[in-house]
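S.K.: Whatever this is, show me its structure:
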Amino acid sequence: PDIAEYHLTLGRVLYNCKELEDAICSFQKAHALDPANVSAEQELEQAKAVHEQLQYDNREVVTKHGSILIGQIPEQSAGPSTSVWECGAVLANYIVACESDARPNGISVHGRSILELGCGTGVVGLTAAAFGACVCLTDKEDAAIKLASRNGEANLKIFERMGGSARVEHLDWTRPGEVIETSQWDVILGADLVYNIAQIEPLRTILKALFIPSRPTPEFILAHKSRHDGVDATLLQMLSEENFSLRKIPMKEHHPEFRSPSVHIYRVVKNSD
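M.R.: Numbers count the residues shown, from 1 in each chain. Have a look, this model is predicted:
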């Protein structure tokens, strides 16, 4: 029947069944029949955004609550921040392993306030949101911010079901600004934050803004891939100068299917001054 509410309801059913093209058609009919219906317009735009997202090359993170789809854009067309790299996959699945099985000294994210630095596609922060964390994902690159936002929209239902949330913000490490200065974080996550020496001083700047003596000290979990001895040595020197120590999480505690001898996960600890 040509009744707006009928097509709106049908569209919702199709959307929940992931029949996105049919859902878009139903929402379009509902909107055409009743242009003043705000819900029809909003749900049409959401279905279109998710459909567009799923046209990208997707990676999947499997959790006990369902799968998270992480869209990617080819590096040659949008840059390195729009692909899921090895560090991101390893850290995201370490979170899955910690939340699914007991891990000695593992990270717990449920119900916690989390900041992700250099989020890229959002694979790490969105995995945390799928386990009930309240996550602020940050990046400097516009392409990454747009993609991570779309990935968040595509996985919104699993976040809501688990009591988690995700938002994406622009963050330049050299200008911490309001995102950092007005918020308190339980956990900081970072994957592949530095892969050349030029990134280390900006990382120093943002860490100084995050670890302030007058505030509670957040946990900091860092996944780092060893590519160049010079980068590794400079990173370790900077962290030592800022009074951080690194505690490597043993490989046996990583996800059994997502681990790599070249990717290390560290618990970065701020020592007392």
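S.K.: Let me know the next secondary structure element after the least confident helix or strand in the chain by mean pLDDT.
M.R.: Lowest on mean pLDDT, DSSP states H and E among the helices and strands of the chain sits helix 75-78, with a mean of 53. On the C-terminal side of helix 75-78, the closest following helix or strand by DSSP states H and E is helix 86-100.
S.K.: which helices and strands does that following helix pack with?
M.R.: For helix 86-100, the packing partners by 3 or more CB pairs under 8 Å, 6 or more residues apart in numbering; DSSP states H and E come out as strand 57-63, helix 123-129, strand 187-191, strand 219-225, strand 263-270. Quick note: C-beta positions are derived from backbone N, CA and C, even for glycine.
S.K.: May I see those organised as JSON lines, with mean pLDDT, mean neighbour count and distance to residue 2 added?
M.R.: JSON lines is the format used below for the helices and strands packed on helix 86-100 (pLDDT from 0 to 100; neighbours: other CB atoms under 10 Å; distance: least, CB to CB, whole Å):
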{"stretch": "strand 57-63", "mean pLDDT": "80", "mean neighbour count": "15", "distance to residue 2": "36"}
{"stretch": "helix 123-129", "mean pLDDT": "97", "mean neighbour count": "30", "distance to residue 2": "39"}
{"stretch": "strand 187-191", "mean pLDDT": "97", "mean neighbour count": "24", "distance to residue 2": "49"}
{"stretch": "strand 219-225", "mean pLDDT": "96", "mean neighbour count": "23", "distance to residue 2": "54"}
{"stretch": "strand 263-270", "mean pLDDT": "95", "mean neighbour count": "19", "distance to residue 2": "56"}
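S.K.: Figure out which of those is closest to residue 167.
M.R.: If you check each of these against residue 167 by CB to CB, helix 123-129 wins as the nearest, at 9.5 Å.
S.K.: Now residue 184: closest residue in space, sequence neighbours ignored.
M.R.: residue 215 (6.2 Å; CB to CB, 6 or more residues apart in numbering).
S.K.: Contact partners for the residue nearest to residue 122 when sequence neighbours are not counted?
M.R.: Leaving aside its chain neighbours, residue 122 sits nearest to residue 148 (3.5 Å; criterion: CB to CB, 6+ apart). Contact partners of residue 148, counting by CB atoms under 8 Å, 6 or more residues apart in numbering, are 119-122, 125-126, 137, 139, 168.
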